[in-house]
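**Q** Fold the stuff below for me.
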Amino acid sequence: MNVIIPPKRRDGRSSFVQLVGYVSVRDDISLKDEIKEDQRFKRPARSRGKVFDRLVEYMNRTENLAESQLISVDARGESRVSVDGVVSQHNLLSFESAASEMNCVAMQNDRIKDPVYHFILSWQEDENPTDDQIFASARFALRRMGMQLHQYVASIHRDTDNVHVHVAANRVHPINFTAVNLFNDADKLQRACRELEQKYNFKVDNGSWVRNEDNQIVRAKRGYKKAPRGAATLEHFGDRESLYTYAVTHCRKDINAMFRDKSATWDRIHAVFNHAGLALERRGEGMIVRDLFNPQQTPIKASRLHTGMTLSRLQPKVGTFTPSRVNDADLRDKHVHAAYNETLHMRDQGARQERRIARAEARQKLKEDYQAYRKAWVKPDLFVAARFRDIAEHFRAQKGRIRSGEGDPHMRKLMYNVVEFEREKAMAGLRIQLKAEREQLREEGKSRPMPYRVWTEQEALKGRQAAVSQLRGWAYREGRKNRVPFESNNIIYCAPADDTSVLKADGFTVRVHRDGSAVYSQKGRDAIIDRGDIVEVRHPHDYGSINTVVAVDMMSWKSGERVEFDGNGLFVASAIGAVARHNMVHRDNMVIPTEQDQLERARQEAKTLKAHQADYDAHEARAQARYEQRLSEAPRYYDEDDHTPNNRGTFKP
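**A** I've put the predicted structure just below:
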């Protein structure tokens, strides 16, 4: 298990309401929902008022809160509740008032700027601890932080690849109102994780504390530094490869090998970076790595790339730092084997460089098209001013007729009042009507241009490959489990981010889901699900294995960097047979399995099919020859009228 401490707001205005709402209410739109033209992606508001209203709404959703939501209350007075499927535990009076109680206690200490403390305990993907183990771990971590008596709310999230628990705690003590000191909190929680792994037999994870051969918890040896926060943020939210990740991928292995063999020299070190399109330079008392082709790109510290890449460690071994002997122009022309491209995406790491570049260009074109859509968008005109003017003009004309037709001033004044009342009534009715029309426009998503996500979903419905790829990129980033579930073990593995347009197949209907999955159905039953790097085949043997045949045909539209069949033996054999038949017909667009054994089986199947085809062709040729021979040997008869020979058989008409 491991611990994550999210960064706090710099202005010190963290909110108990928003934090408790986030950890306990999972009301975002599910990624497994189908995209429809009349649906709009409406992410719930995260303002303090809206979050608090939804907390109360969730708790009051059922008539009997005690039976439906309250799970248990232990001897310490800590309550365990379930809010829309999220199990939470707290030591407050009630879950609805948790944020308010925390705020009241925090207000008693006017010297603390940010009383909100938030950390996450996360387990590895193949671990599934019980609720009791998770909440016991949360309480243990709080005790190690000296916050065993502080107010807290802990909520378990099981909708991601890693089971984890969010702990929202109040730094202010509820009795003496002193604030706990958070100095070195990450290190304390790391040690607590090692102790919990030992206590509950969880899998051992990496961290600043490790267990040695004697099963004792000791300080870990210094290793590679983490990615800079800016690089991690870029890769998570922008789905783009950072300069740090690029340098690690292309340079760390070679640098590490030189240090291990003790063969490092400044020229060899410079050559490693130059081949990757990077330059190593001295900056102050340290060294930096910068992009040769983009001077505006923010450089990274060399020590981030490797702990040995510091002047204090290198200079005693390889001498005083010397810059590269080759200037930048010559490096770019002759010595560069690769180059950093900030537009490439994290999701397609491992794909061919040409396809990564093409995908990045398609994604950029998608964003440009969205900006063009926003510029061309025109808000629907309700003609508000004209409609109000029409009403005013109508009643002004009535007053004019009264003025010219009624001589009695008292009666004229009375009629003016009636007309004025009717005018105000008509104006109020128009305002109500306009409000309804604006509300209808908002419901239909026409009151403002579609957000980028909504617009992308609509483009994906049209089958656009870049839009489908963007949806899968968002799902990859979020790492949630609320995607279209797997129901079959019959899988075709493809290359990373091997996305295609939404295809059309005879007899199949297709729908696109918010996670980018393209679901192909036949006769009302899901048959094939294309997730980009994985194609799932359900019911592969129905209707003469048509689902398997169509899935193999789909593979011909992908990159072909990886084609590997997995599942039961019958499915794999059927798929290999479909590959052989496909390749016999489509020689210009063949499907080549990348797993050697499957490739050999496909070749043997193709040879067998060719032999059968040759026998069939020979049989057809012999049958045709016999038929033509019978025609030539049959007696011919003539019609009495035109004496034209006919071959109507052996009977004369």
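**Q** phi, psi of the residue minimising distance to the centre of the chain?
**A** For the chain, residue 475 is the residue whose C-alpha lies nearest the centre (CA atoms, centre = their mean; 1.7 Å). Dihedral angles of residue 475 (phi, psi; degrees, to the nearest 10) stand at phi -60, psi -40.
**Q** my read: it touches residue 469, true?
**A** No: look at residue 475 against residue 469 with CB atoms under 8 Å: they stay out of range, at 10.8 Å. Quick note: C-beta positions are derived from backbone N, CA and C, even for glycine.
**Q** and for these two, which residues touch both?
**A** Residues touching both residue 475 and residue 469 by CB atoms under 8 Å, 6 or more residues apart in numbering: residue 516.
**Q** thinking again about what came up before, now do the same for the residue nearest to the centre of the chain: its pLDDT.
**A** At residue 475, the model reports a pLDDT of 83.
**Q** same deal with residue 53?
**A** Model confidence at residue 53, given as pLDDT, is 50.
**Q** what do you get for the one 5 residues further on?
**A** Among the per-residue scores, residue 58 shows a pLDDT of 42.
**Q** just the one 4 residues further on next, same as before
**A** Among the per-residue scores, residue 62 holds a pLDDT of 38.
**Q** just residue 22 next, same as before
**A** Residue 22 carries a pLDDT value of 61.
**Q** okay, now residue 181: neighbour count?
**A** Residue 181 has 10 neighbouring residues, counting by other CB atoms under 10 Å.
**Q** what sits against it?
**A** Residues in contact with residue 181 (CB under 8 Å, 6+ apart) are residue 146.
**Q** May I have the residues that are in contact with residue 427?
**A** Residue 427 neighbours (CB under 8 Å, 6+ apart): 388, 391.
**Q** That one: what secondary structure?
**A** Here residue 427 is helix, with the state taken from DSSP: H, G, I helix; E, B strand; the rest coil.
**Q** burial count for the spatially closest residue to the residue nearest to the centre of the chain that is not a sequence neighbour?
**A** Once flanking residues are discounted, residue 475 sits nearest to residue 515: 3.9 Å by CB to CB, 6 or more residues apart in numbering. Neighbours of residue 515 under the rule other CB under 10 Å: 20.
**Q** Repeat that for the one 5 residues further on.
**A** Taking other CB under 10 Å as the criterion, the count of residues near residue 520 is 25.
**Q** Then residue 548?
**A** The burial count for residue 548: 29, using other CB under 10 Å.
**Q** repeat for residue 577
**A** Residue 577: 20 neighbours (other CB under 10 Å).
**Q** Following element in sequence after the helix or strand hosting it, please.
**A** Counting by DSSP states H and E, the element that carries residue 577 is helix 569-585. The helix or strand immediately downstream of helix 569-585 is helix 596-633, counting by DSSP H and E.
**Q** Tell me the span between the first and last residue of stretch 447-463.
**A** One end of stretch 447-463 to the other measures 26 Å (CA to CA, to the nearest Å).
**Q** State the pLDDT value of the residue nearest to residue 475.
**A** For residue 515, the predicted pLDDT is 88.
**Q** can you pull the contacts of it?
**A** Per CB under 8 Å, 6+ apart, neighbours of residue 515: 31, 32, 471, 472, 475, 483, 484, 531.
**Q** run the last query once more with 7 Å
**A** Contact analysis of residue 515 by CB atoms under 7 Å, 6 or more residues apart in numbering lists 31, 32, 471, 472, 475, 483, 484.
**Q** and the residues you listed, which of them are in strands?
**A** Of those, none are assigned to strands by DSSP state E.
**Q** Rebuild these as TSV, extending it with distance to residue 290.
**A** Conversion of those to TSV gives the following (distance: CB to CB, whole Å):
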residue	distance to residue 290
31	38
32	43
471	35
472	32
475	34
483	39
484	43
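**Q** Tell me how many other residues crowd residue 170.
**A** Neighbours of residue 170 (other CB under 10 Å): 25.
**Q** go on, residue 563?
**A** 26.
**Q** so it touches residue 555, yeah?
**A** Yes: counting by CB atoms under 7 Å, residue 555 is a contact partner of residue 563 at 5.7 Å.
**Q** Spit out the residues that contact those two alike.
**A** In contact with both residue 563 and residue 555: 492, 591, using CB under 7 Å, 6+ apart.
**Q** where exactly do the strands run in the stretch 101-250 of the chain?
**A** For the stretch 101-250 of the chain, the strands defined by DSSP state E, counting those that start in this stretch cover 116-122, 152-157, 164-170, 209-211, 217-219.
**Q** could these be laid out in a markdown table, adding mean pLDDT?
**A** A markdown table is the format used below for those (pLDDT from 0 to 100):
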| stretch | mean pLDDT |
| --- | --- |
| strand 116-122 | 91 |
| strand 152-157 | 91 |
| strand 164-170 | 91 |
| strand 209-211 | 87 |
| strand 217-219 | 88 |
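**Q** quick check: domain ranges of this protein?
**A** Using automatic domain parsing, the domains assigned to the chain come out as 2-219, 242-340, 384-444, 483-653.
**Q** Now do the contacts for residue 157.
**A** So residue 157 contacts 86, 164, 166 (CB under 7 Å, 6+ apart).
**Q** is it in a bridge, and if so with what?
**A** Beta bridges link residue 157 to residue 164, judged by DSSP bridges.
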